[in-house]
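1. How does the following fold in three dimensions:
(chains A and B)
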Amino acid sequence: MVADVVGAEAAVPAEAVTRPRIRVQGAVKSFSGRVVVDVDDLVLGDRPIQGLIGPNGAGKTTLMRMIMHSTSLDRGRIALLLASGGEVALSALPPNRMAGHGVVKSNQVIMDFDKLTIWDSLLLAVAEARYEQPHRIASERTVFDRHEGQIREYLEYFGFADPAAFAMSAGEKKLLDIVRCLLLRPTFLLLDEPTAGLPEELTEKVMAVVRDLAAGGTSVVIVEHDLNVIWSLCDEVLFMAEGSVILRGDPQAIRENRTVVEKYLGEGHV
Amino acid sequence: MNIDWLDAFLISGLFQVAMVTGLALLLHLQLGLARIANFGVVGFWGIGMYVFGVLYVKVDWPFGDPWQFLASAAIATFVAGVAGLLIGWLISDLNTDGVLVGTLGFATAVQILATTEDDFTGGALGMGGLDFPFDIGRVKDNEFLWLVIMVAVVAAILLYVWRVHRSPYGRLLIAVGGNEPLVRSLGKSTFRAKLWLFVVGSAGMGLLGAMNGVMVHYLDVGNVGVGVTLAAMVGLVLGGTARVWGGVVGVILTVGLFDIVVQSYLPLPEEWYSQAIPVLREAAFGLTLMLVLLFRPLGLLGDMRRDKLMGRIHGR
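-> Numbering: from 1, shown residues only, chains lettered A, B, ... in the order given. Purely as a prediction, here's the structure:
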């Protein structure tokens, strides 16, 4: 199904900054016979920050997982269109190869390493594979020295209470997940409900970081149920229902669209 | 150095304690950090012992000991590492049940091969001809020196494991054990991490097997049974799978207590030694395993404390 366009896709002004995009073609995913995602042809990353919204069960998270290949496709193809002009078939890559191509995703459900401290978790994210070999057992100091400054910057910015301890609260774990993603220096960042469970102050900080990243050339797609984040952060909003993107356009146009109001927002939200 | 106070039984018991400690330490990296329950320890250990035995006894080496020993032990260690590569590759995507069945099956296959390939291994009759790569006098002196060498090897393994805990590699293993999909999403190959873990661990187990072959002089397929895996596993679980010293403490309390204290110092009937004691040993280890899992599942030393360790390494 081709997405309808509100505010015409072609009318989107060309970006001054060339940024990577992701093209989803004929991608289908079913669970127990029920089609959860059925996207005919969709390009993500045309605008710096895109919001993906829709009712529960619309297929937003599954689509993101399909892009990361953590959920396999029944059929179809997903490719990363590089800013330099090349193309990488993401749907043919194992999940661990995504980050190497700059495609990184935060998790909707809280995911953490129970036995690793906050520092541990962040050092894990930044450690280069050559230092994680069984014979490189004296390389901890090297890894720490190489990345300490960068990690401390994020720790101080987000105000982690005790980074030498374990992440305890749901919010802290959520934030840790985001910082891990940021440390991977993504060129295409997928954020799945990044601010869920975060206090307002931290939500603002996350949004500021996302804006900075996008300004630097990173493409960002964000799934978020806090619509204030979507309206204030996104350059374009895609509305997904029943497995397909059925509308896309600038936030204001989507916000006022009758279909969106009826299926998702409700009359009081406009 | 006067070692007259040491009897042959005590030297043999201490050698067992040291060797099983080495196995438990290597198992700790797999089970304690990466949460891979390798029930095929005896398979890798047995490969090392038999490959060493066959090479040492059957090959007409152009040089004598210690080079004959070193060459045979190096090849045996390498072959055990290759076996680890194959088994690691086969089980890398399996769940806990699959890993358990796969590694147990591998250990059984090794025992069957050792029995059926009697042209090489001597089969059920066993194979003799193994000896120390040195001769410093009395048998007891040679055995004691071999015990000292084994303790040095195990100390090196302990140092390696201790360093792994303080390295990016150790952190990766802990992460693999905690949340594999999340590790992959960070761009890391959990497949490669597990493969290397199995190669290094299996090679180490193979080396310990080869060294055991030297100590016992005679290879018997009856020794390549589940008892070796059980001893390492029970010791590690009792001490604490997640702690560096867990295997050391646990093996001393299990193998040390049973093989040395019970067998050497308790007035047990003479006729028990051939039949009843090995059975009692396995029953005691099995019971210990059940009790620990029921009442102290994290072992005597408890869980790992990364917060304290990281604090010590990098400050707070």
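2. Which stretches in the chain count as helices?
-> All of this refers to chain A. With DSSP state H applied, chain A shows helices at A:60-67, A:118-126, A:140-158, A:170-183, A:200-215, A:227-233, A:251-256, A:258-260, listed in chain order.
3. wrong one, I was asking about chain B
-> With DSSP H as the criterion, chain B has helices spanning B:8-27, B:41-58, B:67-91, B:96-116, B:118-121, B:139-165, B:168-178, B:180-185, B:190-216, B:226-239, B:246-251, B:276-295, B:306-314.
4. Residues of the stretch 201-316 of chain B that sit close to chain A?
-> With the criterion set to C-beta under 8 Å from any C-beta of the partner chain, the stretch 201-316 of chain B comes near chain A through B:Ala242, B:Asp303, B:Met304, B:Arg306, B:Asp307, B:Met310, B:Gly311, B:Ile313, B:His314, B:Arg316. (Each C-beta comes from the backbone N, C-alpha and C, glycine too.)
5. what about the nearest residue to A:Gly171 once chain neighbours are set aside, distance to A:His225?
-> Using C-beta to C-beta, 6 or more residues apart in numbering or on different chains and skipping the chain neighbours, the partner closest in space to A:Gly171 is A:Gly197 (4.8 Å). In this structure, A:Gly197 and A:His225 are separated by 11 Å, where distance is defined by C-beta to C-beta, to the nearest Å.
6. ok, now A:Thr203?
-> Using C-beta to C-beta, A:Thr203 is found at 12 Å from A:His225.
7. neighbour-wise, which of those two wins?
-> A:Thr203 (18 against 14; other C-beta atoms under 10 Å in any protein chain shown).
8. what residues are up against that one?
-> Under the criterion of C-beta atoms under 8 Å, 6 or more residues apart in numbering or on different chains, the contact partners of A:Thr203 comprise A:Thr195, A:Asp226, A:Val229.
9. and of those, the nearest to chain B?
-> For the contacts of A:Thr203, the closest approach to chain B (C-beta to the nearest C-beta) belongs to A:Thr195, at 19.3 Å.
10. Report pLDDT for that closest one.
-> As predicted, A:Thr195 sits at a pLDDT of 87.
11. Now list the buried members of the residues of the stretch 201-316 of chain B next to chain A.
-> With burial judged by 16 or more other C-beta atoms under 10 Å in any protein chain shown, the buried subset of those is B:Ala242, B:Met304, B:Arg306, B:Asp307, B:Met310, B:His314.
12. Am I right that the fifth one is in contact with A:Ala164?
-> Yes - with the criterion set as C-beta atoms under 8 Å, B:Met310 and A:Ala164 qualify as a contacting pair; they are 5.8 Å apart.
13. Quickly list what's touching both of the two.
-> Among the neighbours of B:Met310, those also in contact with A:Ala164 (C-beta under 8 Å, 6+ apart) are A:Thr117, A:Trp119.
14. How about the contacts made by the residue of chain A found nearest chain B?
-> Closest approach between chain A and chain B, counting by C-beta to the nearest C-beta: A:Ala99, at 2.9 Å. Counting by C-beta under 8 Å, 6+ apart, A:Ala99 touches A:Leu184, A:Pro186, B:Ser185, B:Leu186, B:Gly187.
15. just A:Ile151 next, same as before
-> With contacts taken as C-beta under 8 Å, 6+ apart, A:Ile151 has the following neighbours: A:Trp119, A:Leu122, A:Leu123, A:Val126, A:Leu183.
16. I'd assumed A:Leu183 was in contact with the second one.
-> What it means is A:Leu122. Yes - applying C-beta under 8 Å as the test, A:Leu122 and A:Leu183 come out as touching, 6.2 Å apart.
17. what's the overlap in contacts for these two?
-> Residues touching both A:Leu122 and A:Leu183 by C-beta under 8 Å, 6+ apart: A:His147, A:Ile151, A:Tyr154.
18. Let me see the contact set for the last one.
-> For A:Tyr154, the set of contacting residues under the criterion of C-beta under 8 Å, 6+ apart consists of A:Leu122, A:Val179, A:Leu182, A:Leu183.
19. Low-confidence stretches in the stretch 51-200 of chain A?
-> For the stretch 51-200 of chain A, no stretch is flagged by pLDDT under 70.
20. So the residue of chain A closest to chain B versus A:Ala89, what's the distance?
-> Distance of A:Ala99 to A:Ala89, given as C-beta to C-beta: 16 Å.
21. near chain B too, which of the contacts of A:Ile151?
-> Of those, the ones that also sit near chain B (C-beta under 8 Å from any C-beta) are A:Trp119, A:Leu123.
22. With neighbour count added, can I get the contacts of A:Ile151 in a markdown table?
-> Formatted as a markdown table, the contacts of A:Ile151 follow (neighbours: other C-beta atoms under 10 Å in any protein chain shown):
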| residue | neighbour count |
| --- | --- |
| A:Trp119 | 25 |
| A:Leu122 | 24 |
| A:Leu123 | 23 |
| A:Val126 | 19 |
| A:Leu183 | 20 |
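23. Against B:Ala124, how distant is B:Ala156?
-> The gap separating B:Ala156 from B:Ala124 is 35 Å, by C-beta to C-beta.
24. cool, A:Arg141 as well?
-> When A:Arg141 is compared with B:Ala124 (using C-beta to C-beta), they lie 53 Å apart.
25. How about A:Leu182?
-> Distance, A:Leu182 to B:Ala124, by C-beta to C-beta: 62 Å.
26. more crowded one of those two?
-> Counted by other C-beta under 10 Å, A:Leu182 and B:Ala124 do not tie: A:Leu182 has more neighbours, with 25 against 12.
27. Please name the residues that touch that one.
-> A:Tyr154, A:Val209, A:Leu213.
28. In space, what's closest to B:Thr108 - neighbours in sequence excluded?
-> Among residues not flanking B:Thr108 along the chain, B:Gly43 sits closest, at 7.9 Å (C-beta to C-beta, 6+ apart).
29. ugh, wrong one, A:Gly76
-> Distance criterion C-beta to C-beta, 6+ apart; nearest residue to A:Gly76, sequence neighbours excluded, is A:Ala27 at 3.3 Å.
30. got the contact list for the one you found?
-> Applying C-beta under 8 Å, 6+ apart to A:Ala27 gives the contacts A:Val37, A:Asp38, A:Val39, A:Leu63, A:Met66, A:Leu73, A:Arg75, A:Gly76, A:Arg77, A:Ile78, A:Ser91.
31. Show the buried residues in these.
-> Buried positions within those, assessed by neighbour count (16+ other C-beta under 10 Å), are A:Val37, A:Asp38, A:Val39, A:Leu63, A:Met66, A:Leu73, A:Gly76, A:Ile78, A:Ser91.
32. among those, which two are most distant?
-> Of all pairs drawn from the buried ones among the contacts of A:Ala27, the one with the longest distance (C-beta to C-beta) is A:Asp38 and A:Ser91, at 15.1 Å.
33. Need the helices of chain A in a markdown table (columns: distance to B:Leu298).
-> Output for the helices of chain A, formatted as a markdown table (distance: least, C-beta to C-beta, whole Å):
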| stretch | distance to B:Leu298 |
| --- | --- |
| helix A:60-67 | 34 |
| helix A:118-126 | 19 |
| helix A:140-158 | 25 |
| helix A:170-183 | 22 |
| helix A:200-215 | 34 |
| helix A:227-233 | 41 |
| helix A:251-256 | 51 |
| helix A:258-260 | 52 |
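34. Thanks a lot, catch you later.
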